[in-house]
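In: Fold the following and give me the result.
(one chain, ligands or ions: 1)
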Amino acid sequence: MATPEAPAGSTRTEPNHGLRIFLIWLPLAVVADLLIWFLWKPHMPPGTMTSSAEHQQFDIAFMAVLCAPVLLFVWTYGAYALVNWHHRAGDEEDGPPIHGNAKIQATWIGATAVIVLGLFVFGTVELIVPAGAGAGEGPQPIWKPNTTNLLEVQVIGQQWAFTYRYPQFGGMESSTLFLPDHQTVEFHVTSLDVIHSFWPYKLGVKADANPGVDNIAYTTTQQTGTFRVQCNELCGLWHGAMFNYGHVVTRAAFQTWARGVQLKEARNGILRALPPYSTTYDPTVIPQLGASIVKIDGITGGAGYYYPPQDPVTP
Ligand SMILES: [Cu+2]
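Out: Below is the predicted model of the structure:
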């Protein structure tokens with residue numbers, strides 16, 4: 001009886017495939033990460049108009065820097081395997097029946113554990129440091145900004161418009177959101193009817209607008225410019241049309257605008273007709289305030305636009 005020959009694979013001396021794959025992967029990963037960080041990051045959404053937007057841009061870029069080497073490793077390994085380990089003509093052998101490799105297993109478990117646990121810590125820190133990362137934290141925020149100089153702006157969603165109330169300017173209300181530059185803003189987001197979502201994405205802010213709820217979100221402006229405010233919660237027939245534009249302007253321009261609107265609304269009676277400022281908004285109190293209300297242009301106190309889009313005093 002003939003003794004079976006040892007499989008050819010077991011006698012062949014193999015090059016150090018792991019080292020080769022590593023040496024192909026390493027420069028690819030370094031180049032990809034440098035391109036992502038220095039070329040792509042400055043163009044990543046949501047931009048740098050506010051502190052929370054900039055934090056989010058940093059987070060997205062940082063994640064991309066982590067992901068690219070993983071993706072490139074999979075591609076490098078795949079390409080290397082295709083080139084070196086594909087079936088060759090005339091080779092009918094099976095590969096050697098190997099199983100278990102303590103080094104590869106330990107490397108795999110170690111590397112994935114470090115990545116996942118690292119991301120857990122990173123995500124937690126990034127949520128806390130920018131005071132809730134621009135998302136609504138409810139009426140009692142856990143994470144607050146390190147300043148008491150806050151501009152309060154109440155965001156009021158209704159089918160299908162946003163209006164903005166400024167309690168520090170006599171409770172005046174505007175259909176356009178103006179913010180001063182280099183100012184920490186405390187948004188109080190609420191709704192008059194159904195659930196909406198306040199999403200000025202270039203500000204890096206997104207907060208649900210629920211009726212009867214005061215949902216607080218923070219951000220700090222750091223660049224002047226125009227941004228779009230979009231409703232981000234399906235809220236009825238004209239949800240898609242529920243957007244308008246806001247502006248971050250210089251502090252002086254903001255003061256001029258806000259004082260102007262306050263004066264105008266004091267003069268034409270709107271301030272008197274608006275319900276007293278509170279963190280949640282109930283328009284049903286308006287008709288109770290007196291019969292003169294229906295005579296005030298722009299306030300119906302009923303269904304529909306409670307304070308309709310109009311051209312505010314622009315700075
Ligand atoms: Cu909506």
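
In: And the contacts of stretch 39-49?
Out: Applying C-beta atoms under 8 Å, 6 or more residues apart in numbering, the set of residues contacting stretch 39-49 from outside is 53-54, 56-58, 60-61, 64, 201-204, 221-223, 225, 227, 248. (Each C-beta comes from the backbone N, C-alpha and C, glycine too.)

In: no, scratch that, I was asking about stretch 114-130
Out: Residues from elsewhere that reach stretch 114-130 (C-beta under 8 Å, 6+ apart): 51-52, 55, 59, 62-63, 66, 70, 133, 143, 218-219.

In: out of those residues, which are buried?
Out: Buried by 16 or more other C-beta atoms under 10 Å: 51-52, 55, 59, 62, 133, 218-219, out of the contacts of stretch 114-130.

In: Show me the residues you listed that map onto helices.
Out: Members of the buried ones among the contacts of stretch 114-130 lying in helices (criterion: DSSP state H): 51-52, 55, 59, 62.

In: Quick check on residue 144: phi, psi?
Out: The phi/psi pair for residue 144 (degrees, to the nearest 10) reads phi -120, psi 160.

In: all strands for the stretch 201-315 of the chain, in order.
Out: Using DSSP state E, counting those that start in this stretch, the strands of the stretch 201-315 of the chain run over residues 207-209, 215-220, 225-231, 243-249.

In: With distance to residue 79 and mean pLDDT as added columns, please give those in TSV.
Out: Converted to TSV, those look like this (distance: least, C-beta to C-beta, whole Å; pLDDT from 0 to 100):
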stretch	distance to residue 79	mean pLDDT
strand 207-209	45	95
strand 215-220	44	95
strand 225-231	42	95
strand 243-249	46	93
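
In: Give me the number of neighbouring residues for residue 220.
Out: Residue 220 is flanked by 23 other residues according to other C-beta atoms under 10 Å.

In: Revised request: answer the last question for residue 225.
Out: 15.

In: got it, and the one 4 residues further on?
Out: Taking other C-beta under 10 Å as the criterion, the count of residues near residue 229 is 23.

In: sorry, back to before: which one of the contacts of stretch 114-130 is nearest to residue 263?
Out: Checking the contacts of stretch 114-130 against residue 263 with C-beta to C-beta, the nearest one is residue 219 at 27.6 Å.

In: pretty sure that closest one contacts residue 182?
Out: No: using C-beta atoms under 8 Å as the test, residue 219 is too far from residue 182 to be in contact (11.8 Å).

In: Up against the ion, what does the stretch 51-200 of the chain have?
Out: For the stretch 51-200 of the chain, the contact set with the ion under C-beta under 5 Å from the ion comprises residue 196.

In: pLDDT score for residue 90?
Out: If you check residue 90, the pLDDT there is 87.

In: Wasn't it part of a strand?
Out: No: using DSSP: H, G, I helix; E, B strand; the rest coil, the secondary structure at residue 90 is coil, not a strand.

In: Now do residue 73: how many residues are near it, please.
Out: 18.

In: how close does it sit to the ion?
Out: 43 Å (C-beta to the ion, to the nearest Å).

In: If we ignore the residues flanking it in sequence, what's nearest that residue?
Out: Counting by C-beta to C-beta, 6 or more residues apart in numbering, residue 25 is the residue found nearest to residue 73 once chain neighbours are left out, at 5.4 Å.

In: hang on, isn't that neighbour packed against residue 71?
Out: No: with contacts counted by C-beta under 8 Å, residue 25 stays clear of residue 71, the gap being 10.6 Å.

In: When those two are compared, which one has more neighbours?
Out: Taking neighbours as other C-beta under 10 Å, residue 25 and residue 71 compare with residue 25 leading, 18 against 12.

In: Could you tell me which residues make contact with that one?
Out: Taking C-beta under 8 Å, 6+ apart as the test, what residue 25 contacts is 69, 72-73, 76-77.

In: one more time with 7 Å
Out: 72-73, 76 (C-beta atoms under 7 Å, 6 or more residues apart in numbering).

In: which residues of the stretch 51-200 of the chain fall in strands?
Out: Applying DSSP E, counting those that start in this stretch to the stretch 51-200 of the chain gives strands spanning 150-158, 161-166, 172-174, 177-180, 184-191, 196-199.

In: give the contact list for residue 77.
Out: With contact taken as C-beta under 7 Å, 6+ apart, residue 77 is in contact with residue 21.
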